[in-house]
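>>> sequence and computational prediction follow.
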Amino acid sequence: MLKTIRKLSIVVGILALLTVILLNFMPVLNIKLTGVESDYTFGAAGGQNFVGWQCIFYWWGPSIYIGGVSAFNFNIVLCIGMLLPLLTLLVTTPMLIRARYKKKAVLEFVSAGTMVISAVIFLNATRLAETTVGNHLASYMKMAKEEGTYTLGYWVYVMVGVFAVASIFKIVSGVLSLKNEEEAAKKAAEELAAKKQDKAWTALRSKKILRQ
């Protein structure tokens, strides 16, 4: 069972890694305005999906770059939410192949923790994006928010779902690794005690033979 959980933990970890990479190119936010016709709404008038890199880093809109006019500016919190699981999974996933016992458990728990943090951050992406939205798009975002048409993109829910499953597997794998370490230590102690007992019996028999 432990081997199966370990393999599944690595598989879902790789899947989570791919999911967070794709986050940069998949819908994270959606803004749709009704009754507004303008070429300067960054696409929001007809309904616009904003992908990860646009919300996290910097995006000037679908038209040519105009100095001082941007849809979104750099968002440090969303950037952390994206980079934290990305870098953690890149480092820990290969290490899990050879790691054992406590080291493996630590790697699993750290991976699960970063995914939980990232999930919480991106579930609040609509609020966080409001702090770094460009001045020009801010008014349209406010209108969409009042209309209830400023929402999370579907990929956020996909990522959170994958992270939830991956975190569960990693926590279970970590707990089983610790339990396996305890059992291995107990077994080693029993074997050591048995060896000492055998040596004691051997020594006792040797003394009896010498006396005879």
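Nice, thanks for sending it over.
>>> so what's the residue count around Met26?
Using other CB atoms under 10 Å, the number of residues around Met26 comes to 17. Quick note: C-beta positions are derived from backbone N, CA and C, even for glycine.
>>> who's in contact with it?
By CB atoms under 8 Å, 6 or more residues apart in numbering, the contact list for Met26 reads 51-52, 153, 155, 158.
>>> in the chain, which spans are strands?
Taking DSSP state E, the strands of the chain run over residues 27-31, 48-51, 150-152.
>>> what about the second one, average pLDDT?
When you say that, I think you mean strand 48-51. For strand 48-51, the mean pLDDT works out to 86.
>>> re earlier: most tightly surrounded among the strands of the chain?
Mean neighbour count (mean count of other CB atoms under 10 Å) peaks for strand 27-31 among the strands of the chain, with a mean of 23.
>>> Val158 and Ala16 touch, don't they?
No - counting by CB atoms under 8 Å, Val158 sits too far from Ala16 to count as a contact (11.0 Å).
>>> those two: who's more crowded?
The neighbour comparison of Val158 against Ala16 (other CB under 10 Å) goes to Ala16, with 29 against 15.
>>> quick check: the more buried one vs Phe57, distance?
According to CB to CB, to the nearest Å, Ala16 stands 21 Å off from Phe57.
>>> circling back to that earlier point, turn the strands of the chain into TSV, including distance to Ala164.
Shown next, in TSV, are the strands of the chain (distance: least, CB to CB, whole Å):
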stretch	distance to Ala164
strand 27-31	18
strand 48-51	22
strand 150-152	15
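>>> so which of these comes closest to Leu89?
Among the strands of the chain, the nearest to Leu89 by CB to CB is strand 27-31 (18.8 Å).
>>> with just CA atoms, put the closest one into CSV.
The C-alpha trace of strand 27-31 is given here as CSV (Å, rounded to 0.1, in the frame of the first residue of the first chain):
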residue,chain,number,x,y,z
PRO,A,27,-8.1,32.0,-17.6
VAL,A,28,-7.6,33.3,-14.0
LEU,A,29,-10.1,36.2,-14.1
ASN,A,30,-13.1,37.0,-16.2
ILE,A,31,-14.6,40.5,-16.7
